[in-house]
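**Q** test case, fold it:
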Amino acid sequence: MAFSVALFLSVTACTNQTKKTETQNFVSYVDSINQVDHTYTVENWESINNEYNQRIALLEQEIANMNEDEKAKLEESKAKYAALKTTYETKIAESNQANEIDSKYQLRNRLFGENVITEDLQFAFVNATNALNVFETFVNTVDANKDAYSRENWDEIKVLYEALNTRKNAIEKDLAGSDNRQIAVLKVKFASIYSIIRPMSKVDENAEAKR
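**A** Next up is the predicted model:
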């Protein structure tokens with residue numbers, strides 16, 4: 001009987017020590033991922049998050065067998081991880097915003113030339129002398145790159161086109177008749193491209209998102 005009790009106590013102690021070691025390993029793991037230098041990308045976060053979820057899922061199955069000190073350490077590590085998650089989400093969002101801004105200005109520069117578009121989109125640089133050339137460059141560039149534009153690109157293109165057209169209307173009385181007619185043809189061309197390609201870009205993005 002004494003041997004059985006001793007064996008039970010030994011097994012229990014061994015089991016408790018194992019659980020304690022697992023908790024310590026988890027605490028060390030969370031500390032380690034908080035201490036390394038991070039590159040804040042979606043891919044990196046997915047890798048970290050997948051491993052964390054696997055580890056925490058296994059450990060939480062044993063939470064009923066943990067003492068209060070181990071539970072406290074576990075909660076502390078989970079809080080550290082939550083802070084890291086918040087940092088990743090913030091950094092990724094900032095990076096995405098910066099990329100969107102950069103993409104917007106690259107698009108504007110390709111359509112109209114380097115740094116000629118102001119934030120107010122007044123298109124003051126467009127006048128009766130260069131309006132036809134500006135429209136030609138804009139529409140032909142859109143046509144040449146239409147299959148590469150994202151839905152967000154098309155939204156920006158539409159905003160730019162409407163602002164350009166507003167400027168054209170403001171100076172129309174000064175336009176040569178032949179320029180005005182050629183611009184009208186270019187506007188029809190743009191409308192045709194936009195009406196066909198823009199909806200397709202949304203379909204493509206939705207299909208890509210489902211993969």
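**Q** so for stretch 36-55, mean pLDDT?
**A** Here stretch 36-55 scores 93 as its mean pLDDT.
**Q** so how far is it off the chain centroid?
**A** Computed by Cα atoms, centre = their mean, to the nearest Å, the chain-centroid distance of stretch 36-55 equals 16 Å.
**Q** same deal with stretch 53-60?
**A** Centroid displacement of stretch 53-60 relative to its chain, using Cα atoms, centre = their mean, is 28 Å.
**Q** mind listing what's buried in that stretch?
**A** For stretch 53-60, the neighbour count (16 or more other Cβ atoms under 10 Å) marks Arg55, Ile56, Leu59 as buried. Where you see a C-beta, it was placed from the backbone N, CA and C, and this is true even at glycine.
**Q** contacting residues for the nearest residue to the first one once chain neighbours are set aside?
**A** This means Arg55. With sequence-adjacent residues excluded and distances taken as Cβ to Cβ, 6 or more residues apart in numbering, Arg55 is closest to Phe26, at 5.9 Å. With contact taken as Cβ atoms under 8 Å, 6 or more residues apart in numbering, Phe26 is in contact with Arg55, Ile56, Leu59, Leu74, Ser77.
**Q** quick revisit: now flag whichever of the buried residues of stretch 53-60 is closest to Gln97.
**A** For the buried residues of stretch 53-60, the residue nearest Gln97 by Cβ to Cβ is Ile56; the value is 30.4 Å.
**Q** what is whichever strand or helix holds the closest one packed up against?
**A** Following DSSP states H and E, one finds Ile56 within helix 42-60. Helix 42-60 sits against helix 2-35, helix 68-112, with contacts defined as 3 or more Cβ pairs under 8 Å, 6 or more residues apart in numbering; DSSP states H and E.
**Q** for the ones you listed, which one ends up most surrounded?
**A** Across these, the average number of neighbours (mean count of other Cβ atoms under 10 Å) peaks for helix 68-112, which reaches a mean of 14.
**Q** what is that helix packed up against?
**A** Helix 68-112 is packed against helix 2-35, helix 42-60, helix 131-145, helix 151-171, with contacts defined by 3+ Cβ pairs under 8 Å, 6+ apart.
**Q** number of residues surrounding Ile63?
**A** Ile63 has 12 neighbours, counted by other Cβ atoms under 10 Å.
**Q** confidence score at it?
**A** 83.
**Q** do you know how far Glu119 is from Glu62?
**A** Distance, Glu119 to Glu62, using Cβ to Cβ, to the nearest Å: 57 Å.
**Q** ok, these two, which is more surrounded?
**A** Just comparing Glu119 and Glu62: by other Cβ under 10 Å the higher neighbour count belongs to Glu62, 15 against 5.
**Q** mind exporting the C-alpha coordinates of stretch 132-146 to PDB?
**A** Listed next in PDB are the C-alpha coordinates belonging to stretch 132-146 (Å, rounded to 0.1, in the frame of the first residue of the first chain):
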ATOM      1  CA  LEU A 132      -5.600  67.800 -76.500                       C
ATOM      2  CA  ASN A 133      -2.100  66.400 -75.700                       C
ATOM      3  CA  VAL A 134      -3.000  65.900 -72.000                       C
ATOM      4  CA  PHE A 135      -6.200  64.000 -73.000                       C
ATOM      5  CA  GLU A 136      -4.300  61.900 -75.600                       C
ATOM      6  CA  THR A 137      -1.600  61.000 -73.100                       C
ATOM      7  CA  PHE A 138      -4.100  60.200 -70.400                       C
ATOM      8  CA  VAL A 139      -6.400  58.000 -72.500                       C
ATOM      9  CA  ASN A 140      -3.600  56.200 -74.400                       C
ATOM     10  CA  THR A 141      -1.800  55.400 -71.200                       C
ATOM     11  CA  VAL A 142      -4.900  54.000 -69.600                       C
ATOM     12  CA  ASP A 143      -5.600  52.000 -72.700                       C
ATOM     13  CA  ALA A 144      -2.000  50.600 -72.800                       C
ATOM     14  CA  ASN A 145      -2.100  49.600 -69.100                       C
ATOM     15  CA  LYS A 146      -5.800  48.700 -68.700                       C
END
